[in-house]
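Participant: here is a sequence with its predicted model. Questions after.
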Amino acid sequence: MPELSQRITQFTDSVIRRMTRIADAHHAINLSQGFPDFDPPKPLLDALAKIAYDGPHQYSVTYGAKNLRDALAAKHGRAIKRDIDPETEVLVTCGGTEAMMAVMLTICNPGDKVIVFSPFYENYGADAILSGAEPIYIPLHPPTYNFDPNQLEAAFRQGVKAIIVCNPSNPCGKVFTRAELELIGTLATAYDAFVITDEVYEHMVYKPHVHIHLAGLPGMYARTITCSSLSKTYSITGWRLGYLIGPEMIVEGAKKVHDFLTVGAPAPLQEAACVGVNLGDDYYHELIERYTKKRDYFCQGLDRIGLDHTIPQGSYFVLVDISQFLSMKRFAGWTDLAFCEWMAKKIGVAAVPGSSFFKENINHLIRLHFARSQATLDEALNRLANLTQLNDVY
Ligand code: GLN
């Protein structure tokens, strides 16, 4: 038989999504792949039920149903105080995942350098390989996950096509400050690079932190592509709806890529999700209140158990330090992936190994999420408490 492409030998399946399969196989509580276990807002469900009979059931316009593009342009336009043209500056995609991939394929030639902060969302690695881009990793330094501006400028100096900014950051929960975003914007402008933002957690930013859209900073719209998603904001990860918004020159390119990758996102789901995008501010206030409670509850639970962890400024992810376990003889030589597999099986809680997110050689962190009901978080914390009962006798 002929060989398969070189391309697919360069990356593995997603470890985040693999952990969900492992969680399911062992009936573990799944705190690995981030998605909520509660229902989407009722108005979306009511709309979906009606659409089941009324349609649409056939293709929407390839770059997104008009009413959804109108709603997204209006919402994002309010956020960045700019008129956005729903015809030329908005593309609806199959999740934030396709939005990122479409942008990378649109702007990168093989060999183009792209700056990626580490830790980074796992998909960017595969996005870079598939588009032929060469990532230059800039470390975010724990515990604050700040970056060194000189190191960032040195990377730009190498001649880069784009920088990817995941804000709030998956997995470390960093929310970039205005000063940081301005610096990134200044460097991108000075070195003539694009900025690609991934803002799927834009509505999960905890006080006193605030979400700032990089595209809204003075002079930045022309070189910034904002990727986002409806998945997290409206608890509809399975509907696979994302989008990108940016200047026509880039969006028109991304539309072509999207046209041949997927033709379009599911029409009935776009129609129902439109109801969500048109919800008023109260919805977002309630959402952040709900997630703030979950974050505080979960982090306090981890404190009680004695597990060191990050406190996210945004997103619903917590990085937990497992050094105390890996230093036990029973785990000698184990990778964080092996530990996560063991934990799903024996402790009954699934996490994502930190090595999926760090370029650096990091083996002592695992990522948990708290987009779960109170009862599930309670049970997960009970099970995690068993970790601290471990000793070196086996
Ligand atoms: N962003 C989510 C995570 O990091 C999952 C997204 C996905 O699997 N498409 O877990």
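Facilitator: On my side now, so go ahead.

Participant: what are the boundaries of the strands in the chain?
Facilitator: 29-30, 90-93, 113-118, 134-139, 162-166, 194-198, 224-229, 242-245, 317-321, 349-350, 352-353, 365-369 (DSSP state E).

Participant: and the fourth one, which strands flank it?
Facilitator: So the one you mean is strand 134-139. strand 113-118 (parallel) (DSSP bridges).

Participant: around the ligand, which positions in the stretch 51-200 of the chain sit nearby?
Facilitator: T97, Y121, N170 (C-beta under 6 Å from any ligand atom). Where you see a C-beta, it was placed from the backbone N, CA and C, and this is true even at glycine.

Participant: what's the closest of the strands of the chain to D37?
Facilitator: strand 29-30 (8.4 Å; C-beta to C-beta).

Participant: circling back: can you redo the strands of the chain as JSON lines with mean neighbour count?
Facilitator: As requested, the strands of the chain are exported to JSON lines (neighbours: other C-beta atoms under 10 Å):
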{"stretch": "strand 29-30", "mean neighbour count": "23"}
{"stretch": "strand 90-93", "mean neighbour count": "28"}
{"stretch": "strand 113-118", "mean neighbour count": "22"}
{"stretch": "strand 134-139", "mean neighbour count": "17"}
{"stretch": "strand 162-166", "mean neighbour count": "25"}
{"stretch": "strand 194-198", "mean neighbour count": "27"}
{"stretch": "strand 224-229", "mean neighbour count": "27"}
{"stretch": "strand 242-245", "mean neighbour count": "28"}
{"stretch": "strand 317-321", "mean neighbour count": "23"}
{"stretch": "strand 349-350", "mean neighbour count": "26"}
{"stretch": "strand 352-353", "mean neighbour count": "28"}
{"stretch": "strand 365-369", "mean neighbour count": "26"}
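
Participant: could I get those strands in TSV, plus columns for mean pLDDT?
Facilitator: Formatted as TSV, the strands of the chain follow (pLDDT from 0 to 100):
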stretch	mean pLDDT
strand 29-30	98
strand 90-93	98
strand 113-118	98
strand 134-139	97
strand 162-166	98
strand 194-198	98
strand 224-229	98
strand 242-245	98
strand 317-321	98
strand 349-350	98
strand 352-353	98
strand 365-369	98
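
Participant: ok and the residue in the stretch 151-300 of the chain nearest the ligand?
Facilitator: Residue of the stretch 151-300 of the chain nearest the ligand, by C-beta to the nearest ligand atom: N170 (5.0 Å).

Participant: any idea how far the closest residue to M19 other than its chain neighbours is from G111?
Facilitator: Of all residues not flanking M19 in the chain, S32 sits nearest, at 3.6 Å (C-beta to C-beta, 6 or more residues apart in numbering). Distance from S32 to G111, counting by C-beta to C-beta, to the nearest Å: 34 Å.

Participant: out of those two, which sits in the more crowded spot?
Facilitator: Per other C-beta atoms under 10 Å, whichever of S32 and G111 has more neighbours is S32, with 29 against 9.

Participant: the residue nearest to M19 and H369: what is the separation?
Facilitator: Relative to H369, and taking C-beta to C-beta, S32 is found at 8 Å.

Participant: F339 now?
Facilitator: 17 Å.

Participant: returning to what we had before: so which of the residues of the stretch 51-200 of the chain next to the ligand is the most crowded?
Facilitator: N170 (27 neighbours).

Participant: that one is in contact with Y121, isn't it?
Facilitator: Yes: here N170 lies in contact with Y121, judged by C-beta atoms under 8 Å, at a distance of 4.6 Å.

Participant: what touches both of these two?
Facilitator: Overlap of the contact sets of N170 and Y121 (by C-beta atoms under 8 Å, 6 or more residues apart in numbering) consists of D198, F357.

Participant: and for the spatially closest residue to A71 that is not a sequence neighbour, the neighbour number?
Facilitator: What sits nearest to A71 in space, not counting adjacent residues and going by C-beta to C-beta, 6+ apart, is V277, at 4.0 Å. Residues lying near V277 (other C-beta under 10 Å) number 23.

Participant: which residues touch V277?
Facilitator: Per C-beta under 8 Å, 6+ apart, neighbours of V277: L68, A71, L72, K75, L230.

Participant: for it, give its distance to I225.
Facilitator: 19 Å.

Participant: how confident was the prediction at the one residue in the chain that gets nearest to the ligand?
Facilitator: The ligand sits closest to G34 of the chain, with a gap of 3.5 Å, by C-beta to the nearest ligand atom. Note on G34: pLDDT of 96.

Participant: let me see the contact set for it.
Facilitator: I16, N170, K232, S315, Y316, F317, H369, A371.

Participant: where do the helices sit along the stretch 1-150 of the chain?
Facilitator: 15-25, 42-54, 66-80, 95-107, 123-131, 149-157 (DSSP state H, counting those that start in this stretch).

Participant: winner for burial among those?
Facilitator: Highest mean neighbour count among the helices of the stretch 1-150 of the chain (mean count of other C-beta atoms under 10 Å): helix 95-107, with a mean of 25.

Participant: what's the angle from it to strand 224-229?
Facilitator: Here helix 95-107 runs at an angle of 150 degrees relative to strand 224-229 (axes from the mean of the first three to the mean of the last three C-alpha atoms, to 10 degrees).

Participant: on contacts alone, who are the packing partners of helix 95-107?
Facilitator: On a contact count with 3 or more C-beta pairs under 8 Å, 6 or more residues apart in numbering; DSSP states H and E, helix 95-107 meets strand 90-93, helix 123-131, strand 194-198, strand 224-229, strand 242-245, helix 248-261.

Participant: touching that helix from outside, list them.
Facilitator: Under C-beta under 8 Å, 6+ apart, the answer for helix 95-107 is 91, 93, 114, 123-124, 127-128, 130-131, 133, 161-162, 164, 194, 196, 198, 200, 225, 227-229, 231, 240-244, 250, 253-254, 256-258, 261-262.
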